[in-house]
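[1] Fold the following, please.
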Amino acid sequence: MEFEFVKEWIDRGDKEENYIFKFFCYFVAFNWLYNQETDENKEYERVKAYVEKKISKWDDYHPFLSLNQEWKCPVRDDKKGDVKSYIKNEEDDTVKLFLQIYQVRCNLFHGSKSMRTDRNKVLVEDSCKILHDFLMRIINDGLEGDYCAD
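    Numbers count the residues shown, from 1 in each chain. Predicted coordinates:
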């Protein structure tokens with residue numbers, strides 16, 4: 001798979017100082033990847049299928065080690081105030097985490113996540129760390145460890 005697009009967006013995110021802009025850059029790269037490899041109808045299904053496929057190969061992947069306590073409460077749809085069923089019904093904790101990161105993205109992109117609350121700031125900042133680590137693992141798997149971002 002060609003990773004130039006993904007590397008470009010990782011590099012852009014790495015250069016950003018503001019974690020909101022970092023998040024946007026990393027999610028663009030992640031979005032490109034899951035849309036390349038899955039053809040599910042709904043976007044959250046593409047996220048789920050892609051993450052399941054990747055983490056099935058990584059015995060040493062533990063994204064929870066760097067998470068803040070704010071993740072103990074599920075990420076809600078900020079417009080409707082509910083927790084989406086695709087998050088509530090997911091049994092795999094790692095997949096659930098990525099579905100929640102997807103919901104953070106939805107809330108930000110659709111203008112319903114205020115960055116004035118401490119919890120939202122933490123969720124976005126932690127999402128950056130998780131996405132960056134995930135993206136780097138994918139690139140390193142694809143290039144047999146040849147790529148490292150600055």
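
[2] if I look at the spatially closest residue to residue 132 that is not a sequence neighbour, how far off is residue 12?
    Taking Cβ to Cβ, 6 or more residues apart in numbering, and ignoring the residues beside it in sequence, residue 132 has residue 26 as its nearest neighbour in space, at 5.7 Å. Every residue, glycine included, has its C-beta placed from N, CA and C. According to Cβ to Cβ, to the nearest Å, residue 26 and residue 12 sit 9 Å apart.

[3] picking that back up, the residue nearest to residue 132: what's it in contact with?
    Residues near residue 26 by Cβ atoms under 8 Å, 6 or more residues apart in numbering: 9, 10, 13, 127, 128, 131, 132, 135.

[4] any idea how far stretch 37-48 is from the chain center?
    In terms of Cα atoms, centre = their mean, to the nearest Å, the centre of stretch 37-48 is found 14 Å from the chain centre.

[5] Which parts of that stretch count as buried, going by neighbours?
    38, 44, 46, 47, 48 (16 or more other Cβ atoms under 10 Å).

[6] Report the two of these separated the most.
    38 and 44 (11.1 Å; Cβ to Cβ).

[7] Kindly reformat the contacts of residue 26 as CSV containing pLDDT.
    Compiled in CSV, the contacts of residue 26 are given as follows (pLDDT from 0 to 100):
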residue, pLDDT
9, 96
10, 97
13, 97
127, 93
128, 94
131, 97
132, 96
135, 96
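
[8] For the residues you listed, give me a markdown table that also has secondary structure.
    A markdown table is the format used below for those (DSSP: H, G, I helix; E, B strand; the rest coil):
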| residue | secondary structure |
| --- | --- |
| 9 | helix |
| 10 | helix |
| 13 | helix |
| 127 | helix |
| 128 | helix |
| 131 | helix |
| 132 | helix |
| 135 | helix |
